[in-house]
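[1] Dropping the sequence and predicted coords here.
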Amino acid sequence: MMLLDVLASNTKLEAFINSLIEQGSQLGWTIIKAIIVFIVGRFIIRMINKLVRRILTKRDFEPSVKTFVGSLVNVTLMVLLIISVVGALGVQTTSFAALLASAGVAVGMALSGNLSNFAGGLIILLFKPFKVGDYIESQGVGGTVREIQIFHTILVTPDNKNIFIPNGSLSSGVVTNISNESTRRVDWTFGVEYGCDYNHVKSVVESVLAQDARILNEPAPFIALSALADSSVNVVVRVWVKSSDYWGVYFDTNKAIYATFNAEGIGFPFPQLTVHQAKD
């Protein structure tokens, strides 16, 4: 009787082990299939992305459209790959979709910001307040637009930092596009000492401006006495230049004015406080 019990126990143990081996092999094969699907899917996505970029390049689309469409295609393909991997793991895609649908409210609330950013990207591409290569200022930062992606726009600052700004904020907020016009106005305010001859100061400034070929003749440079400040007589100077020459003209003129004023005996003021002591 005991021998029969031992044999029965061994039979159950053997059946259990065989079941574990069978389930383990099935699980291992399922994981291997999912890994194969992922690797092949990544390869296919990479090839499709290259093909899309090649087509967009041949069709001579704007860089803004290229980066947006490329980002959109990549995200869409990645979502399809995730669904394929989930299906390869044995999860029914219909059940997976039903699960997402049942959690639609929560998912919608979580993705509401991204959906507004996606819509903002479409608005940017449609109305073109800026494009790739433009220098813009928005949300308290400024930089050159490098990419317009489906959710964010990437700016590169003059000191080579990357700034990611949500498209929703750019499409609904204030954006200053500095590169949109071919010309810009450069403004200075130069302070000179009280007692300086204004006509002499004006002629010296005019001679400095006339020596810079980058300064446009139309509109003509503007020079005027703008204010009688506490310690200085302020002279405002405004000229027009090509947008690409803005900073070069600005800094070079500062240097030339400083050197020429010193040579001409025009003094630069500094804050002063005169104290009068009453006599006893």
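    Noted; the coordinates are in hand. Numbers count the residues shown, from 1 in each chain.

[2] so where is the stretch 1-150 of the chain shaky, pLDDT-wise?
    1-25, 27-28, 60-62, 64-65, 90-113 (pLDDT under 70).

[3] what are the ranges of the strands in it?
    135-138, 141-148 (DSSP state E, counting those that start in this stretch).

[4] looking at this, Ile165 is in a strand?
    Yes. Under DSSP: H, G, I helix; E, B strand; the rest coil, Ile165 falls within a strand.

[5] Backbone dihedrals for the nearest residue to it once chain neighbours are set aside, please?
    Excluding the flanking residues, the one nearest Ile165 by Cβ to Cβ, 6 or more residues apart in numbering is Thr153, at 5.2 Å. Using the backbone N, CA and C atoms, a C-beta is placed for each residue, glycine as well. Dihedral angles of Thr153 (phi, psi; degrees, to the nearest 10) stand at phi -110, psi 130.

[6] what bridges to Thr153?
    Ile148, Ile165 (DSSP bridges).

[7] tell me the contacts of it?
    By Cβ atoms under 8 Å, 6 or more residues apart in numbering, the contact set of Thr153 is Gly121, Ile124, Val145, Glu147, Phe164, Ile165, Asn167, Leu170.

[8] What's the PyMOL line that selects buried ones from these?
    Filtering the contacts of Thr153 down to the buried ones (16 or more other Cβ atoms under 10 Å) takes a single PyMOL command:
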select buried, resi 121+124+145+147+165+167+170
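
[9] Which of the contacts of Thr153 sits closest to Ser244?
    Val145 (16.3 Å; Cβ to Cβ).

[10] just checking, that closest one touches Glu137?
    No. Counting by Cβ atoms under 8 Å, Val145 sits too far from Glu137 to count as a contact (11.3 Å).

[11] Please give me every residue in contact with the residue positioned nearest the centre of the chain.
    Compute the mean C-alpha point of the chain, and by Cα atoms, centre = their mean the closest residue is Ile154, 2.2 Å away. Going by Cβ under 8 Å, 6+ apart, Ile154 touches Val145, Arg146, Glu147, Ile148, Asn162, Ile163, Phe164.

[12] Same question for Pro129.
    Counting by Cβ under 8 Å, 6+ apart, Pro129 has contacts Leu170, Val175, Asn177.

[13] Val73 too?
    Val73 touches Ile48, Asn49, Val52, counting by Cβ under 8 Å, 6+ apart.

[14] Tell me the spacing between the last one and Thr30.
    Think Val52. 32 Å (Cβ to Cβ, to the nearest Å).

[15] higher neighbour count, the two?
    Higher neighbour count among Val52 and Thr30: Val52, with 17 against 13, using other Cβ atoms under 10 Å.

[16] Setting the sequence-adjacent residues aside, check what's closest to that one.
    Nearest non-adjacent residue to Val52 (Cβ to Cβ, 6+ apart): Val73, at 5.2 Å.

[17] One more: Ile215?
    Val239 (4.8 Å).

[18] Go ahead and confirm the one you found touches Val205.
    No. Look at Val239 against Val205 with Cβ under 8 Å: they stay out of range, at 10.1 Å.

[19] Three-state assignment for Ile215, please.
    What three-state DSSP gives for Ile215 is coil.

[20] Ignore what I typed, I meant Val249.
    Going by three-state DSSP: Val249 is helix.

[21] How about the contacts made by it?
    Val186, Asp212, Arg214, Ile215, Val239, Val241.

[22] Please list only the buried members of the residues you listed.
    Val186, Ile215, Val239, Val241.
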